[in-house]
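A.B. asks: Could you look at this predicted model? Sequence included:
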Amino acid sequence: MLNTQTNSAAGVVNVAVQGADATFVQLVQNDIDLALTKVPVPAAIAQSVVVAGGTDLRDLSRERVVALDALVPIVHPANTLRSVSLVDLALVASGRITNWAELGGDNAPIRMLLPAQGSSVDTAFAELVLAPNRARLRANAERVSDDSAVAAAVMADPNAIAIATLANAGEAVILPIRQTCGPLAYATDFAIKAEEYPLSRRVFAYAGDAVMSGTQAAFIDFMTSPAAQPMIEAVGYVDQSVVAQPISLQGTRMTSAILSASTGATLAAVQTLSRDLATADRLSTTFRFASGSANLDNKAREDVQRMVDFLNSPAARNREILIIGFTDDVGRFDLNERLALLRAGSVRNALVTALGGDVLAGRTSVASYGPLAPVGCNDTADGRESNRRVEIWLR
C-alpha cells in the first residue's frame, strides 16, 4: 500500500477470499484485521465476543457499511418474460415450475443457474428468496462456479435464468421484481441506495478486536469517505453518495399511497402528502433504525454526516428540507403516525447536531404519514422493514 502524500510504502495488505463463516471465526480469533462481507455478522457470534469481554461486532466502531449491492434475476435478451416475482424464483429453484409458459413466457424448458454453493450470493438467495417462501432447492440444481461467469452462461442460452450480483449482470437482461402487492421493483441505483429494491444488500467492513490506529484506521475511514465513492462505483457496486430524484419519478409509490388509503381520513392525508411533495425532490439516502426503536442503525449514523454535507452543498443549500417519517401498516394508524414522527424528529436532531448541521435548523420541517405511501409490500417481513423509514425531501 502506497502513501500518496509521501510517495512511500505505507504497509502491506494481505488479501484472502473465503466464505463468511470462516472469515468471522478468524476475525474473532484476531487472525485477521479486517473482514469485507455481504453477510451481516450472526447475532450468536457477535454475542460471543461481548461475553468474552470484547467490543460488540455490531458496534459502529467495528461495523461499517462501505457499499451497496443487489441480487438480480437475469435472462437472455431473447426471453419474452418481462418481470418475475420472488415466489416464482423460489418455485423455479425448487423445480416446481419448469417451463417458461407457466410464468407467461414461451413454451420452453427453464434452465436455472444458481450461485456457487456456500457463496455470499447463495446465502443471500437462500435468505431473501427461498426461506421466506419455504422452498428447497431441487436435488439436481445446476450451479455456476463463479459469479463473474454467470452472465456469459445466460447469454449463451435463451432458456436460462440466473441469480447474479448487479455488478456481474453483464449484457443479460435484468428482470424487475413483481411484488405481491402489485408494483414492479427495478434494480435502479436510486432504489438500491434507498434500500427499497427487495434484493438490495449491504457490503460490510468489520474491524478486528485490536484498536485500529494510524494507516489501518485511516484506511477504514477512507472506505466510507466521499473520495472513495467513485472507486466503489467503478468496480460495479452502488456507492453511498446522495442523489436527488423528482416526484415525477416516484409515481409507483404515490399510486401505492392512494391504494393504501382505506378511509376518508387517510385519503385526506394522502392528498396533503401529495400537495407537500408536488414540487419536491426526494434524496436517495433513507434513514432506518434499530429494530423496535427510534435509534438510528449503524448505516444511518454514518449517513448523517453525508447528508449534512450534501444539504450544505450548492445543489441544496437554498432549499427547504422536509424530513418525513413512515411506518408499516401493523397496528393503529395514530400510533404508527406518532412513531414515525418520533423517528423523523430523531433524524432532524441528528442532522442539526452534526458537524455543520446547525445552519440547517431554520430550513427543516418534520412530518409523519405513518403507513401511507409504502415502498414495499406489508404482507412480507422484508416489505414491512422497508416501510419503516425516514425520507428527506427538498422543496
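C.D. replies: Received the coordinates, thanks.
A.B. asks: In contact with residue 95, which residues?
C.D. replies: 138, 140 (CB atoms under 8 Å, 6 or more residues apart in numbering). For the C-beta atoms, the positions are set from N, CA and C on the backbone; glycine is no exception.
A.B. asks: So residue 367 lies in a strand, does it not?
C.D. replies: Yes: assigned with DSSP: H, G, I helix; E, B strand; the rest coil, residue 367 falls within a strand.
A.B. asks: so it sits right up against residue 326, yeah?
C.D. replies: No: Residue 367 is not in contact with residue 326 according to CB atoms under 8 Å; the separation is 10.0 Å.
A.B. asks: okay, these two: which has more neighbours?
C.D. replies: residue 326 (28 against 16; other CB atoms under 10 Å).
A.B. asks: Distance of residue 188 relative to residue 177?
C.D. replies: Shown here: residue 188 relative to residue 177, a distance of 12 Å by CB to CB, to the nearest Å.
A.B. asks: Show me whatever sits in contact with both of these two.
C.D. replies: Joint contacts of residue 188 and residue 177 (CB under 8 Å, 6+ apart) are residue 197.
A.B. asks: Neighbour count: the two, which is higher?
C.D. replies: residue 177 (23 against 18).
A.B. asks: Once you drop chain neighbours, what's closest to that one?
C.D. replies: Leaving out its chain neighbours, the residue that sits closest to residue 177 by CB to CB, 6 or more residues apart in numbering is residue 185, at 4.3 Å.
A.B. asks: Ok, residue 73 next?
C.D. replies: Per CB to CB, 6+ apart, closest to residue 73 is residue 175, 4.7 Å.
A.B. asks: Surely that neighbour and residue 81 touch.
C.D. replies: Yes: between residue 175 and residue 81 there is a contact under CB under 8 Å: 6.5 Å.
A.B. asks: Looking at the two, which is more packed in?
C.D. replies: In this view residue 175 and residue 81 are compared by other CB under 10 Å, and residue 175 has more residues nearby, 22 against 17.
A.B. asks: residues touching the more buried one, list them.
C.D. replies: Counting by CB under 8 Å, 6+ apart, residue 175 has contacts 72, 73, 74, 75, 81, 82, 83, 84.
A.B. asks: wait, what's in contact with the closest residue to residue 273 other than its chain neighbours?
C.D. replies: Distances taken as CB to CB, 6+ apart place residue 369 nearest to residue 273, at 5.4 Å, with adjacent residues excluded. Contact partners of residue 369, counting by CB under 8 Å, 6+ apart, are 269, 273, 324, 325, 326, 337, 340.
A.B. asks: show me the contacts for the fifth one.
C.D. replies: Contacts here follow CB under 8 Å, 6+ apart; on that basis residue 326 touches 340, 368-374, 387-391.
A.B. asks: try it again with 6 Å
C.D. replies: 340, 369, 389 (CB atoms under 6 Å, 6 or more residues apart in numbering).
A.B. asks: in the stretch 201-350 of the chain, which spans are helices?
C.D. replies: 214-223, 229-234, 251-260, 264-277, 298-311, 333-353 (DSSP state H, counting those that start in this stretch).
A.B. asks: Would you format the ones you listed as a markdown table with mean pLDDT included?
C.D. replies: Formatted as a markdown table, the helices of the stretch 201-350 of the chain follow (pLDDT from 0 to 100):
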| stretch | mean pLDDT |
| --- | --- |
| helix 214-223 | 81 |
| helix 229-234 | 93 |
| helix 251-260 | 72 |
| helix 264-277 | 84 |
| helix 298-311 | 95 |
| helix 333-353 | 95 |
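A.B. asks: The nearest residue to residue 68 once chain neighbours are set aside: neighbouring residues, count only.
C.D. replies: The shortest distance from residue 68 to any residue other than its chain neighbours is 4.2 Å, reached at residue 238 (CB to CB, 6+ apart). Per other CB under 10 Å, the neighbour tally for residue 238 reads 26.
A.B. asks: Who are the contact partners of residue 238?
C.D. replies: Residue 238 makes contacts with 68, 189, 192, 193, as judged by CB under 6 Å, 6+ apart.
A.B. asks: are any of these buried, and which?
C.D. replies: By neighbour count, with 16 or more other CB atoms under 10 Å, those hold 68, 189, 192, 193 as buried.
A.B. asks: Which of these fall in strands?
C.D. replies: residue 68 (DSSP state E).
A.B. asks: Out of the buried ones among the contacts of residue 238, which two sit at the greatest distance?
C.D. replies: Using CB to CB, these span at most 8.9 Å, a distance reached by 68 and 189.
A.B. asks: Now for residue 143: which residues touch it?
C.D. replies: Counting by CB under 6 Å, 6+ apart, residue 143 has contacts 114, 116.
A.B. asks: One more pass at 8 Å, please.
C.D. replies: Residue 143 makes contact with 113, 114, 115, 116, 117 under the criterion CB under 8 Å, 6+ apart.
A.B. asks: just curious, which of those residues is nearest to residue 157?
C.D. replies: Nearest to residue 157 among the contacts of residue 143: residue 113, at 8.5 Å, using CB to CB.
A.B. asks: Ok, which of the helices of the stretch 201-350 of the chain comes nearest residue 89?
C.D. replies: So among those, helix 251-260 is nearest, using CB to CB, at 20.6 Å.
A.B. asks: Ignoring the adjacent residues along the chain, who's closest to residue 281?
C.D. replies: In space, residue 281 is closest to residue 244, 4.2 Å off (CB to CB, 6+ apart).
A.B. asks: Report the separation between the one you found and residue 316.
C.D. replies: Distance from residue 244 to residue 316, by CB to CB: 8 Å.
A.B. asks: any residues in contact with both of these two?
C.D. replies: Common contacts of residue 244 and residue 316 (CB under 8 Å, 6+ apart): residue 394.
A.B. asks: and the two? which has more neighbours close in?
C.D. replies: residue 316 (21 against 17).
A.B. asks: Need the pLDDT of that one.
C.D. replies: Note on residue 316: pLDDT of 96.
A.B. asks: re the thing from before, which residues touch the residue nearest to residue 281?
C.D. replies: 281, 282, 283, 284, 315, 316, 394.
A.B. asks: now for those, which pair is the farthest apart?
C.D. replies: For the contacts of residue 244, the farthest-apart pair by CB to CB is 282 and 315; their separation is 13.8 Å.
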